[in-house]
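Q: Okay, structure incoming, though there's no sequence with it:
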């Protein structure tokens, strides 16, 4: 037979013309081994597991601007939200294969199923591939690439695939997912065979006598610096696949795996027909499917029949180490990207170099770590590795030595190392020549002009809106917010005035997808944001939010259409809740005329008319509300109260006070709303504290209602802050007396409400209230005649009274301990 033909089952390629390198997708030992074997084998073409639509992007790998970690992004322009990533780090075997081929001038092709076929099966609701699915299908966390897990319908029955799967099963001899023939590792009904698909690494580790699959894999692969492990990997995978039942797999999952492997063989056959030496770099699970006894061409074609298709676009995007970590949810992730990066880039003295870097991290946090500490930590790590029979100290030994020597046993200090060194955050970059949508190009040019960098590390930025550059930066960040690209998140800047704006900037890799999706609205940031706002005019709240966003982002072209929609909604909407939701955004929008130089005169008439309708309609919706509805109304009233001073209209403020006064005296208003109105009128100066105390006393009297309703009144009253409790002993005394007067049952009912109320106060405020409450309690005890006649202490409290208070607290604590421990042992009670 011809080595290039692979015409049917039972035939194999000439081993001198083909090397299949089965790898784990991210690992320094695997990456070094791939590069070492490629250098020795010198293939004439390299096939790499990945989407074939990316073949034209391989040339960018050698560009100086391409710095891993990076990822291939595939997205469907006609299906928003349909996208997936293929990540690469410098320690990824596939990346080393790419760079070796580009440097050696060897052609490279991706040989996995086309991305268009994979994305075609995805719906809009779950179209963006989970970061755990690096290969758009069936990765398991930290393991070889295998099939996906069980998917079941609402009745708990495995989903059935279409009739194509039955045809596929017949093409492979009647069993979907049949493995290559040969001696198997499994005995019939061996329960361990269940792990063959779900966790092959665990099976091999168990057979080797390890209880930790990760530790075994590190020992045999990632910590090794020489040798050719790929024949052994291929043999192990063949043994695992031979005879292993496809348990826990859906038919759809098996069909996907069959189609992927059939496509790989199709690409491989085409290359072998040329007579060139071929090297294939793929997930280790697929190696037996590309070597040995293979299905016929007709069988593979039958599996690929009816393959769905979708038009997709691919490009390179920057990626991050944190997105390669298992903790991020990435299924093929590794526990410690920073450690793996170190192992790959520091082949000589990796232990001492790592612990030196750890010491630098700790010193940056003002922890005292000397060179002697580092020396002792290196000795301990090496000793632990020898004791555990490891070829080199691994991360476990490094962490143990770090904790014991460098951190003095402090887990919090070790946490600093984990965040800074073990994860080892790095953010890659791609050349500007990488394909991208016009919107992305406009964003990059915009950011470059404003000297803003796409950085992964959070960066705080305080903008002065009186400066042209800062004003433009603010506009850019607000426009991106409209488009759903949260590059900047606003933060509170105290004491800076309205001309200051605080932001926290952090660029996340997945924002690239958001930019691609936003490109449907336009080719520039301003144009896309304008179009996006003009499409969001379905309700009054949406329109008012859009008006505010347009003013913040200086989207003048969006304002005429938004204001027209605002007039229409404001005139037609009779729901007071909608009016209350819309009002704060309109009021905030009016002030931008002074701060940003934007004309807002058109808003004044609409805002004033809206406020009049709120004051007229609020009394009709405030009565006989449920607890949930009352809380929602209180939140809306608070929002109006917060922005009312921005109007600068005394007449509006008087109208608002009159509305609140009318509501506060109504019997059908819930306690939460009544208490909040009383506090609001007190803070506004309409009522003095005497009136507030009188109303509080009346609300807390025994005949005023259930304890829960009283607690809601207190919650509403104190929601305005703790200052009234701190500075007015009458109010604090009333609340204190009410709590003391509750019986056990009522106290348990109101406790959650009281805790929520006081939990909203700052810690210094709570401490101040507690001190004043103790003083009030001491005064009460003195008035009740509990103080002795033999003098008082320096704090004004009688010594015997202080002892009495201490005794009461001790008695309460002992009663709790007795209840927890149960009845005492009779033997202990009798002293026997």
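A: That came in fine, so what should we check first? Not measured: the values here are computed from a predicted model. Residues are numbered from 1 along each chain as shown.
Q: C-alpha only now, for contacts and for neighbours.
A: Fine.
Q: now the strands for the stretch 451-600 of the chain?
A: Secondary structure of the stretch 451-600 of the chain by DSSP state E, counting those that start in this stretch: the strands cover 459-464, 488-491, 500-505.
Q: The first one packs against which elements?
A: Strand 459-464 makes packing contacts with helix 468-482, strand 500-505 when contacts are defined by 3 or more Cα pairs under 8 Å, 6 or more residues apart in numbering; DSSP states H and E.
Q: could you redo the last one with a cut-off of 10 Å?
A: Applying 3 or more Cα pairs under 10 Å, 6 or more residues apart in numbering; DSSP states H and E, one finds that strand 459-464 makes contact with helix 468-482, strand 488-491, strand 500-505.
Q: Which of these sits closest to residue 605?
A: helix 468-482 (25.7 Å; Cα to Cα).
Q: tell me what that closest one is packed against?
A: helix 438-449, strand 459-464, strand 488-491, strand 500-505, helix 511-518, helix 525-535, helix 540-552.
Q: Residue 405 reaches residue 377, doesn't it?
A: Yes: the pair residue 405 / residue 377 is scored as a contact, 5.7 Å apart, by Cα atoms under 10 Å.
Q: Mutual contacts of these two, please.
A: Common contacts of residue 405 and residue 377, defined by Cα atoms under 10 Å, 6 or more residues apart in numbering, comprise residue 399.
Q: When those two are compared, which one has more neighbours?
A: residue 377 (26 against 20; other Cα atoms under 10 Å).
Q: tell me the average confidence for the strand or helix carrying that one?
A: Secondary structure assigned from DSSP states H and E places residue 377 in helix 371-387. Taken as a whole, helix 371-387 has an average pLDDT of 93.
Q: name the helices or strands packed onto that helix?
A: Applying 3+ Cα pairs under 10 Å, 6+ apart, one finds that helix 371-387 contacts helix 350-364, helix 395-401.
Q: Helix 371-387 and the longest one, what's the angle between them?
A: Put plainly, it is helix 350-364. Calculated by axes from the mean of the first three to the mean of the last three Cα atoms, to 10 degrees, helix 350-364 forms an angle of 140 degrees with helix 371-387.
Q: so where's the stretch 551-700 of the chain shaky on pLDDT?
A: 591-602 (pLDDT under 70).
Q: neighbours around residue 665, how many?
A: For residue 665, using other Cα under 10 Å, the count is 12.
Q: Also the one 4 residues further on?
A: Applying the criterion other Cα under 10 Å, we find 19 residues in the vicinity of residue 669.
Q: again, but for residue 666
A: 13.
Q: Give me the phi and psi angles of it.
A: Note on residue 666: its backbone torsions stand at phi -80, psi 140 [degrees, to the nearest 10].
Q: From what I see, it and residue 675 are in contact.
A: No: counting by Cα under 10 Å, residue 666 does not reach residue 675; the two are 11.9 Å apart.
Q: What residues sit buried inside the strand or helix carrying residue 96?
A: Applying DSSP H and E as the criterion places residue 96 in helix 93-104. Buried residues in helix 93-104, defined by neighbour count with 16 or more other Cα atoms under 10 Å: 93-102.
Q: can you redo those as TSV with distance to residue 309?
A: Shown next, in TSV, are the buried residues of helix 93-104 (distance: Cα to Cα, whole Å):
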residue	distance to residue 309
93	29
94	25
95	27
96	30
97	28
98	27
99	30
100	32
101	30
102	30
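Q: which pair in those spans the largest distance?
A: For the buried residues of helix 93-104, the farthest-apart pair by Cα to Cα is 93 and 102; their separation is 14.3 Å.
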